[in-house]
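**Student:** Build me a model:
(one chain, ligands or ions: 1)
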Amino acid sequence: MDLALAGRVAIVTGGTSGIGLACVRSFLDEGADVAFCGRDEARLEQARAAFAEQAGAGRILAKRCDVTKPEEVQAFAQAVAAWRSRADMLVNNAGQGRVSTFETTTDEQWRAELDLKFFSQVLPIRAFKPLLGASDAASITAVNSLLAYQPEPHMVCTSAARAGVQSLLKSLAGEFAPAIRVNSVVLGLIESGQWERRFEAREDKSQSREAWLAALAQSKHIPAGRLGRPDEVARAIVFLASPAAAYITGASLEISGGVSRFI
Ligand code: NDP
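**Tutor:** Below is the predicted model:
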C-alpha cells in the first residue's frame, strides 16, 4: 500500500524515546520529512544524530520543547514554519502516565496531570493549525491510553484525564472537518521508556528483563501474551496520519494485544 507520504511533513511531539522515536523512524522510512521535540537536550541530540544518519540531516528538525509551555510550543511551530512553511501531520505523543488512587493524588498533582494531558493536545494543535491549514491532507493523531475507556483502580487521575482527552478529540474532529482529520490510538502496555524505568526500579534485581516483561504480561492478562512494541504502534499511527486514511476521522484505534474488556 502506498501511504503517499513522500515529501510530506510530519510533526511528532516526544520523538526522542519509545513510541515517538519509532514514529519518527517510520515517517522517515515512508518518505516524509519530520520535525520532533523533547525536553532533554542530550536525548534530543542523540535522536537527531541517529535520524540524520538514517535519512540525511536535511529531512529532520529537532527542537527542544516542553509541550506544556505555550511559548516553547509556539517557538517549535515557528521553527517548523521557517524550515518547511507547512505541516501535513501532527502526532501528539509526548507525555507519561501517573500511578495514583484518589486518596494518593493531591490537588496539585490533579492540576499537573490535567495540564499535561489536555495542554499536550491543546497547545500543539493551536500552534500548528495554521501550518496544517496549508496542507491538502492534514491530520492530527493523538496517542492516548485504553485507560480512557477502561479506568484502572491504581491510575484514577490519569484515567479521568485521558477520558476527557478522547472527548476533546471527538469535538475537534467535527470542528476541523473536512480540512483536518483528527484520530487517536488508545494503547495497552507498550515496551517503552516508562516501562524501562519501572523495570529498573523492580524489587527483585536478579529478575531478567525478559522474565520481568513476561510476568507483567501474565499479571495483566494480555491475550497476545506480551507487551506491544513501539514500532507496532508507530505503523498504525503513520497509517492513520497518512492520506491513505483519508476517510477516517473522529476514530480511535485500540492497540493493546486484546486487553480491553468492553465492546
Ligand atoms: P517514553 O517515556 O519512552 O517517551 C516519552 C517521550 O515524550 C520522550 O521523548 C519524552 O522526552 C517526551 N516527553 C515527555 N513529556 C514531555 C513534555 N512535557 N514535553 C515534550 N516532550 C515530552 O514513553 P512512551 O513512548 O511510552 O510514551 C508515549 C506516549 O504514549 C505518552 O503520551 C504515554 O503516556 C502514552 N502511553 C504509553 C503507554 C505505554 O504502555 N508505553 C500506554 C498508554 C499511553 P523528554 O522526557 O526528554 O521530554
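**Student:** Would you tell me what helix or strand residue 91 is located in?
**Tutor:** Per DSSP states H and E: residue 91 is located in strand 89-92.
**Student:** same question, residue 253
**Tutor:** Applying DSSP H and E as the criterion places residue 253 in strand 252-255.
**Student:** Close to the ligand: what parts of the chain are there?
**Tutor:** Within reach of the ligand by CB under 6 Å from any ligand atom, the chain has these residues: 13-14, 16-20, 37-40, 43, 65-68, 93-97, 143, 145, 187, 189-190, 192-195. From N, CA and C alone the C-beta is placed, and that goes for glycine too.
**Student:** Just the buried residues of those.
**Tutor:** 13-14, 16-20, 37-39, 43, 65-68, 93-95, 97, 143, 145, 187, 189-190, 192-195 (16 or more other CB atoms under 10 Å).
**Student:** What ranges does the stretch 101-250 of the chain have for its strands?
**Tutor:** 138-145, 180-187 (DSSP state E, counting those that start in this stretch).
**Student:** would you turn these into TSV with mean pLDDT?
**Tutor:** Output for the strands of the stretch 101-250 of the chain, formatted as TSV (pLDDT from 0 to 100):
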stretch	mean pLDDT
strand 138-145	98
strand 180-187	98
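**Student:** Pick the most deeply packed of those.
**Tutor:** Ranked by mean neighbour count, the strands of the stretch 101-250 of the chain are led by strand 138-145 with a mean of 26 (mean count of other CB atoms under 10 Å).
**Student:** which secondary structure elements does it contact?
**Tutor:** Strand 138-145 is packed against strand 89-92, helix 107-132, helix 156-176, strand 180-187, helix 230-241, with contacts defined by 3 or more CB pairs under 8 Å, 6 or more residues apart in numbering; DSSP states H and E.
**Student:** Given it, what are its sheet partners and their directions?
**Tutor:** strand 89-92 (parallel), strand 180-187 (parallel) (DSSP bridges).
**Student:** Can you pull out the low-pLDDT segments for the chain?
**Tutor:** Scanning the chain for pLDDT under 70 picks out no residues.
**Student:** how does it divide into domains?
**Tutor:** 9-190+229-254, 192-227 (automatic domain parsing).
**Student:** Figure out how far the first one is from the centre of its chain.
**Tutor:** By that I understand domain 9-190+229-254. Remark: domain 9-190+229-254 is offset 4 Å from the chain centroid, using CA atoms, centre = their mean, to the nearest Å.
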